[in-house]
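Undergrad: any chance you can model this:
(2 chains)
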Amino acid sequence: NAGVMQNPRHLVRRRGQEARLRCSPMKGHSHVYWYRQLPEEGLKFMVYLQKENIIDESGMPKERFSAEFPKEGPSILRIQQVVRGDSAAYFCASSPAGLPQGTGELFFGEGSRLTVL
Amino acid sequence: SQQGEEDPQALSIQEGENATMNCSYKTSINNLQWYRQNSGRGLVHLILIRSNEREKHSGRLRVTLDTSKKSSSLLITASRAADTASYFCATRNQAGTALIFGKGTTLSVSS
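TA: Numbering: from 1, shown residues only, chains lettered A, B, ... in the order given. The predicted structure follows:
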């Protein structure tokens, strides 16, 4: 059973370009969470999605960042007009049910490391 | 905002010694979880303790929870070099929709 798959693992962008990060959840999981991790820091929650719905985007920056989880295909975290401060590791996690309904455990991917030059 | 805060930020021990990490949180919880992150990798779930439990064991891991003090501790006994990693506690956010992580404790175990 494949785990959470993220790609690309490493992405380099110049300031002003767009970054697209993809996440395929574990088989049977329909809940996806995106987190950002700055060097030497913990994970900051960004957004929680179910298929075709954004459930909680309270951690998303108001501008330039968007996320989707279409009916078919992976979840996408999109960062427009990247700036140097966007350089970070972005982690995706999945769960088979929402936290209140399930065991509460999240399954993480290996992350996508974005470097903005 | 951070819900859980780990202490200490960094811990260095020798193989065979025990490692204790602490976590404090702010609001009431249903459960508290601990995760491990090896350098450059994703997080891996270690153990979950429910609010009505005081102690839980899993292999060399022992977790305690004191809801009156809003704190938890993770004890790793007989540590190994392979235990070198960052350890995070996590609780649900107020909306109950996602996990909120602390900044973690970086454990270094030398042989």
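Undergrad: next, find the distance separating B:Arg80 from B:Thr64.
TA: 22 Å (Cβ to Cβ, to the nearest Å). (C-beta placed from N, C-alpha, C; glycine too.)
Undergrad: the helix or strand of chain B with the lowest mean pLDDT: partners in the sheet, and parallel or antiparallel?
TA: Least confident helix or strand, chain B: strand B:4-7 with a mean of 80, by mean pLDDT, DSSP states H and E. Strands adjacent to strand B:4-7 in the sheet, as given by DSSP bridges, are strand B:19-25 (antiparallel).
Undergrad: which residues are contacting the strand it pairs with?
TA: Under the criterion Cβ atoms under 8 Å, 6 or more residues apart in numbering or on different chains, residues B:3-8, B:11, B:13, B:32, B:34, B:69-76, B:79, B:83, B:87, B:89, B:91, B:102, B:105, B:107, B:109 lie in contact with strand B:19-25.
Undergrad: do stretch A:25-42 as well
TA: Contact with stretch A:25-42 is made by A:1-4, A:23, A:43-51, A:67, A:69, A:75, A:77, A:88-98, A:106-107, A:111, B:2, B:88, B:98-99, B:101-104, as judged by Cβ under 8 Å, 6+ apart.
Undergrad: write the PyMOL selection for whichever of those are buried.
TA: Per 16 or more other Cβ atoms under 10 Å in any protein chain shown, the buried members of the contacts of stretch A:25-42 correspond to this PyMOL selection:
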select buried, (chain A and resi 4+23+43+44+45+46+47+48+49+67+69+75+77+88+89+90+91+92+93+94+95+96+98+106+107+111) or (chain B and resi 88+98+99+101+102+103+104)
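Undergrad: for A:Leu38, give me phi and psi.
TA: phi -90, psi 160 (degrees, to the nearest 10).
Undergrad: could you tell me which residues of chain A lie near chain B?
TA: Neighbours of chain B within chain A, by Cβ under 8 Å from any Cβ of the partner chain: A:4, A:33, A:35, A:41-43, A:45, A:48, A:55-56, A:58-59, A:91, A:93, A:98-100, A:103-111.
Undergrad: one more pass at 7 Å, please.
TA: Residues of chain A lying close to chain B by Cβ under 7 Å from any Cβ of the partner chain are A:33, A:41-43, A:45, A:48, A:55-56, A:91, A:99-100, A:103-106, A:108-111.
Undergrad: what helix or strand does the residue nearest the centre of chain A sit in?
TA: Residue closest to the average C-alpha location in chain A (Cα atoms, centre = their mean): A:Trp34, at 3.2 Å. Element membership for A:Trp34 (DSSP states H and E) is strand A:31-37.
Undergrad: run through chain A and note the low-pLDDT ranges.
TA: A:1, A:100-102 (pLDDT under 70).
Undergrad: all the strands of it, in order from the start?
TA: For chain A, the strands defined by DSSP state E cover A:5-7, A:10-13, A:19-24, A:31-37, A:43-50, A:53-56, A:65-68, A:75-79, A:88-95, A:107-108, A:112-116.
Undergrad: need those strands in CSV with distance to B:Glu55, can you?
TA: Shown next, in CSV, are the strands of chain A (distance: least, Cβ to Cβ, whole Å):
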stretch, distance to B:Glu55
strand A:5-7, 35
strand A:10-13, 41
strand A:19-24, 35
strand A:31-37, 29
strand A:43-50, 26
strand A:53-56, 32
strand A:65-68, 38
strand A:75-79, 37
strand A:88-95, 26
strand A:107-108, 25
strand A:112-116, 37
